[in-house]
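J.: Predicted model and sequence below, questions to follow.
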Amino acid sequence: MPPSDDITITLSKTQIKQVVRGASDEEDLAKLLGGIGTRQLASYREQMDDDRYSRSLLRGLMVLASFPPDGSARQITDVAKQLGLGASTTHRYAITLVELGLLERDPVSRHYRLPTG
């Protein structure tokens with residue numbers, strides 16, 4: 001096998017958080033997440049660092065907030081990439097949200113959207 005030109009860098013959780021925070025300003029990320037506002041987004045980010053709050057619940061809310069209010073469908077892989085989550089983790093959040101009636105899944109396209117009507 002020929003030698004690879006790939007370089008691997010390992011970051012701590014703290015370093016990853018710093019990179020994510022610095023990668024985009026609040027306005028860009030708020031637009032990216034659809035209906036979620038800049039203040040809500042900043043609040044979620046602060047709460048992710050606060051041990052008093054459930055990180056899992058906050059991630060689930062971010063998944064839900066990433067769906068546009070106009071009912072446009074999205075692929076789980078796009079949501080996962082956008083939020084910096086794994087696809088399987090994002091899928092587990094999505095199927096839970098479907099079970100609760102907070103998201104709908106199109107059986108043909110396998111895309112998800114907010115419920116209509």
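T.: Received it, and whenever you're ready, just let me know what you need.

J.: which stretches of the protein form strands?
T.: 104-105, 112-113 (DSSP state E).

J.: State the paired neighbours of the first one in the sheet, together with their directions.
T.: This points to strand 104-105. strand 112-113 (antiparallel) (DSSP bridges).

J.: Report the rounded mean pLDDT for the partner strand.
T.: Across strand 112-113, pLDDT averages out at 95.

J.: Lowest average confidence across helices and strands of this protein, where is it?
T.: Lowest on mean pLDDT, DSSP states H and E among the helices and strands of the chain sits helix 26-32, with a mean of 46.

J.: Mind putting the strands of the chain into CSV with distance to His91?
T.: C-beta here means a position set from N, CA and C on the backbone, and glycine is covered the same way. What follows is the strands of the chain, written out as CSV (distance: least, C-beta to C-beta, whole Å):
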stretch, distance to His91
strand 104-105, 10
strand 112-113, 9
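
J.: So, low pLDDT: which residues of the chain?
T.: The model of the chain has pLDDT under 70 over residues 1-6, 8-9, 11-46, 117.

J.: Buried residues of the longest helix seen in it, list them for me.
T.: What stands out as the longest helix in the chain, according to DSSP state H, is helix 87-99. Under the neighbour-count criterion of 16 or more other C-beta atoms under 10 Å, helix 87-99 has 89-94, 97 buried.

J.: Out of the residues you listed, the closest to Tyr53 would be?
T.: Using C-beta to C-beta, Tyr93 is the member of these that lies nearest Tyr53, at 16.3 Å.

J.: you'd agree the closest one is up against Val63?
T.: Yes: in this structure, Tyr93 is within contact of Val63 by C-beta atoms under 8 Å, at 4.4 Å.
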